[in-house]
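1. got a sequence here, can you model it:
(one chain, ligands or ions: 1)
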Amino acid sequence: MAITNSIKDFHPVVNDAFVATAQALTPELIETEVRPVRVVNIVPEGGDYAAVEAAPAFERSAPMGRDDRLCLDFGDHRVGYVTFTLTPVGSPADAPAYLRLKFGEIPYEIAADSSLYSGEISRAWIQEEVIHVDVLPAVVSLPRRYAFRYLELTVLDTSAKYKVVVSEVVCRGVSSADMAAVPPLRTDDPELVRLDRVALRTMHDCMQTVFEDGPKRDRRLWMGDLRLQALTNYATFRNNDLVKRCLYLFAGLTLNEGRVGACLFTEPLPRVDDTALFDFSLFFPCALWDYFEATSDRDTLTELAPTAYKQLELSLKDVDGRGLVADREGWWCFLDWGDGLNKQAGAHAVLIYALRRGVSIVRALGDEVRAAAYEGHVAALTRAALEHLWDEKLGFFVSGAERQVSWASQVWFVLAEVFDRAENAALLRCLMKQNPGVPMVTPYMYHHFIDALLRSGMEAEALAAMKSYWGGMLRDGADTFWELYDPKDRYASPYGSRLVNSFCHAWSGTPAYFIRTHFVK
Ligand code: RAM
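-> Model prediction:
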């Protein structure tokens, strides 16, 4: 599905006071100096690529001339600014040094030939530079922030008369998260320890001046991603003011009619993108309720509740004569990146789920009239779902005119609590046994599956599913968890090319949440 603007006639609605509150909460970034730990060669391996040690440490390169390469391994995923020194050797430098730099979160990004890129989203996301250095020796400071573990430096040319030596390669790492703030995990299960550690690294590297979705791409704040990052944050870094800042940004920078946008940019000034997604807008009330549960910050709940109500009330306008969220073409609701996934049933279930959080908010604020109204909507939407979307013969919820069965629809109806716990457990068992229809493809959707299992009393299945899916990423070499993971196809991408996938994506960091709230207490 193409990502386009989904709002016609875009009119941002700005609340300056909310934006000011958010800006006052802008965190200081913690800086850490990191140096490469070794030199590697990137080689093909098992249909993918791997880094193989070429030297166990790095100080300085040998003199490098035309086509010489150096691939440095920084030991783990890093986010930051890179500086290095270039020293000429031989005759005086009679031509610029001409270099190509490639940054890779995974070895594949170093190995791939970016000139063959034909994906749908901008090739500008590929972390590759070609630079001239005119005056030597030089300390080269790259202005861009990169997300990477590997840095490959190729000398495209010097001249026949001189070569260059590369030294003092340093990354000034940045994050607003402090690893030392995370409570230690007490478990003897080494797999849980590894899953937790990689999840924390993922979260850490995405925590900048906002919760970014991924520090390589899109480097911005998405509402759906924020909800999961916030949940994980409460159980780990406890940087609750960063969540508060992000909630105020979304509430202060809305779209037409006060709809919460799907994502925000923060530079040069915060602004909302001209995109709304049905489910993402509804996650505002959900994330606000989660924030209140984690912090008991009643002032924020009170101040932002009207924005939450607005999302519920705007979404109710999309309910048709049959009492169902109307299906639509195009980019209107996210749920997951599954090919051809119909969004109607999932959207309907998300609306019920969000209304339930809305009921919690209004109850906490003592607004019984609104609580009764929202409960009425939950009941009506539940009836309509059972009448039109539940297919008794199939034993599954169906979506859209083609009556599509997908994992996303079933999982979201479990989370919407349309059935009771035992019935939900039975539905999930059928889903796992029959594996019908459109599968889940992102860790984001898997998060909801694990959540659904846990809410249905299926702890063992939830643990096994988490270990199998996220554990698969670990076995496939992940240093941080990925935006998309298809265990059967490492080249899968929603964008037509794996090269622009994000390999440190915070919506994938929720094992730390599950482990710390359910599996290890
Ligand atoms: C992609 C990103 C982002 C997600 C949206 C829907 O652009 O992966 O994290 O929220 O899609």
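2. what comes up buried for stretch 383-399?
-> For stretch 383-399, burial by neighbour count (16 or more other C-beta atoms under 10 Å) applies to 384-385, 388-390, 396-399. Every residue, glycine included, has its C-beta placed from N, CA and C.
3. make JSON lines out of those and add distance to the ligand.
-> Output for these, formatted as JSON lines (distance: C-beta to the nearest ligand atom, whole Å):
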{"residue": "384", "distance to the ligand": "27"}
{"residue": "385", "distance to the ligand": "24"}
{"residue": "388", "distance to the ligand": "27"}
{"residue": "389", "distance to the ligand": "23"}
{"residue": "390", "distance to the ligand": "27"}
{"residue": "396", "distance to the ligand": "25"}
{"residue": "397", "distance to the ligand": "22"}
{"residue": "398", "distance to the ligand": "24"}
{"residue": "399", "distance to the ligand": "18"}
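4. and the helix or strand encompassing residue 87, C-alpha only, in CSV?
-> Assigned by DSSP states H and E, residue 87 belongs to strand 69-90. C-alpha atoms of strand 69-90 as CSV (Å, rounded to 0.1, in the frame of the first residue of the first chain):
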residue,chain,number,x,y,z
ARG,A,69,38.0,-0.4,1.6
LEU,A,70,37.8,-0.6,5.3
CYS,A,71,34.7,-1.9,7.2
LEU,A,72,34.6,-1.0,10.9
ASP,A,73,32.4,-2.7,13.5
PHE,A,74,31.2,-0.5,16.4
GLY,A,75,30.3,-3.6,18.4
ASP,A,76,26.6,-2.9,18.8
HIS,A,77,23.9,-0.7,17.3
ARG,A,78,24.7,3.0,17.7
VAL,A,79,23.0,6.3,17.0
GLY,A,80,25.1,9.3,16.6
TYR,A,81,27.6,11.6,14.8
VAL,A,82,30.8,10.3,13.3
THR,A,83,34.2,12.0,13.1
PHE,A,84,37.4,10.7,11.7
THR,A,85,40.9,11.9,10.8
LEU,A,86,42.3,11.6,7.3
THR,A,87,46.1,11.9,7.0
PRO,A,88,47.9,11.9,3.6
VAL,A,89,51.0,9.9,3.1
GLY,A,90,53.5,10.0,0.2
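5. now for the helix or strand following that strand, which elements pack on it?
-> Going down the chain from strand 69-90, the next helix or strand is strand 97-104, by DSSP H and E. Applying 3 or more C-beta pairs under 8 Å, 6 or more residues apart in numbering; DSSP states H and E, we find strand 97-104 packed against strand 69-90, helix 107-111, strand 128-133, strand 146-157.
6. which strands or helices does the strand holding residue 87 pack on?
-> Going by 3+ C-beta pairs under 8 Å, 6+ apart, strand 69-90 lies up against strand 30-34, strand 38-45, strand 48-55, strand 97-104, strand 138-141, strand 146-157, strand 162-175, helix 190-206.
7. could I get the buried residue list for that strand?
-> Result for strand 69-90 [16+ other C-beta under 10 Å]: buried residues 70-74, 77-82, 84-89.
8. then stretch 42-51?
-> 42, 49-51.
9. got a list of what residue 89 touches?
-> 63, 162-165 (C-beta atoms under 8 Å, 6 or more residues apart in numbering).
10. show the buried residues in those.
-> Applying 16+ other C-beta under 10 Å to the contacts of residue 89 flags 63, 162-164 as buried.
11. domains of this structure?
-> Under the assignment automatic domain parsing, the domains of the chain span 31-175, 318-439, 440-521.
12. so which of those comes closest to residue 296?
-> For the domains of the chain, proximity to residue 296 was assessed by C-beta to C-beta; domain 318-439 is nearest, at 9.8 Å.
13. and the closest one, end to end?
-> End-to-end span of domain 318-439 (C-alpha to C-alpha, to the nearest Å): 26 Å.
14. quick one: average confidence on that domain?
-> Averaged across domain 318-439, pLDDT comes to 97.
15. output the set of residues of the stretch 401-521 of the chain in proximity to the ligand.
-> Taking C-beta under 6 Å from any ligand atom as the contact definition, the stretch 401-521 of the chain meets the ligand at 483, 507.
16. and the helices in the stretch 401-521 of the chain?
-> Taking DSSP state H, counting those that start in this stretch as the test, the helices found in the stretch 401-521 of the chain are 407-415, 421-434, 443-455, 459-475, 511-514.
17. can I get the second one as CSV, trimmed to CA atoms?
-> So that's helix 421-434. Listed next in CSV are the C-alpha coordinates belonging to helix 421-434 (Å, rounded to 0.1, in the frame of the first residue of the first chain):
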residue,chain,number,x,y,z
ARG,A,421,-12.1,-14.7,28.2
ALA,A,422,-12.8,-18.4,27.5
GLU,A,423,-14.4,-17.7,24.1
ASN,A,424,-11.4,-15.5,23.3
ALA,A,425,-9.0,-18.3,24.2
ALA,A,426,-11.0,-20.7,22.0
LEU,A,427,-10.9,-18.2,19.1
LEU,A,428,-7.1,-17.8,19.5
ARG,A,429,-6.6,-21.6,19.6
CYS,A,430,-8.6,-22.0,16.3
LEU,A,431,-6.5,-19.2,14.8
MET,A,432,-3.2,-20.8,15.7
LYS,A,433,-4.4,-24.3,14.6
GLN,A,434,-6.0,-23.3,11.3
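18. residue 323 is in contact with residue 389, correct?
-> No: in this structure residue 389 lies outside contact range of residue 323 using C-beta atoms under 8 Å: 10.3 Å.
19. would you enumerate the residues in contact with residue 364?
-> By C-beta under 8 Å, 6+ apart, the contact list for residue 364 reads 292, 298, 301.
20. please name the nearest non-neighbouring residue to the second one.
-> Closest residue to residue 298 in three dimensions, ignoring its sequence neighbours and counting by C-beta to C-beta, 6 or more residues apart in numbering: residue 292, at 7.4 Å.
21. which of the domains of the chain sits most buried?
-> The highest mean neighbour count among the domains of the chain, using mean count of other C-beta atoms under 10 Å, belongs to domain 440-521: a mean of 21.
22. quick revisit: can I get the helices and strands packed on strand 97-104 in a markdown table with mean pLDDT?
-> Formatted as a markdown table, the helices and strands packed on strand 97-104 follow (pLDDT from 0 to 100):
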| stretch | mean pLDDT |
| --- | --- |
| strand 69-90 | 98 |
| helix 107-111 | 98 |
| strand 128-133 | 98 |
| strand 146-157 | 98 |
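23. for these, which one sits closest to residue 474?
-> Per C-beta to C-beta, nearest to residue 474 of those: strand 69-90, 13.2 Å.
24. so which of the contacts of residue 364 comes closest to the ligand?
-> Within those, the smallest distance to the ligand is 23.1 Å, found for residue 292 (C-beta to the nearest ligand atom).
25. report the two of the buried ones among the contacts of residue 89 separated the most.
-> Comparing all pairs in the buried ones among the contacts of residue 89 by C-beta to C-beta, the longest separation belongs to 63 and 162, at 8.6 Å.
26. list the contacts of the residue lying closest to residue 153 once chain neighbours are set aside.
-> In this structure, residue 153 finds its nearest non-sequential neighbour in residue 70, 4.9 Å apart by C-beta to C-beta, 6+ apart. Counting by C-beta under 8 Å, 6+ apart, residue 70 touches 39, 61, 64, 152-154, 166.
27. buried among the contacts of residue 364? Make that a PyMOL selection.
-> The PyMOL command for the buried members of the contacts of residue 364 (criterion: 16+ other C-beta under 10 Å) is given here:
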select buried, resi 292+301
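28. among the contacts of residue 364, which ones lie close to the ligand?
-> Answer for these near the ligand: none qualify (C-beta under 6 Å from any ligand atom).
29. can I get the contacts of residue 364 in TSV with secondary structure?
-> Listed next are those as TSV, based on DSSP: H, G, I helix; E, B strand; the rest coil:
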residue	secondary structure
292	helix
298	helix
301	helix
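30. Serialize the contacts of residue 364 to TSV and add fields for distance to residue 135 and pLDDT.
-> Converted to TSV, these look like this (distance: C-beta to C-beta, whole Å; pLDDT from 0 to 100):
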residue	distance to residue 135	pLDDT
292	57	99
298	59	98
301	57	98
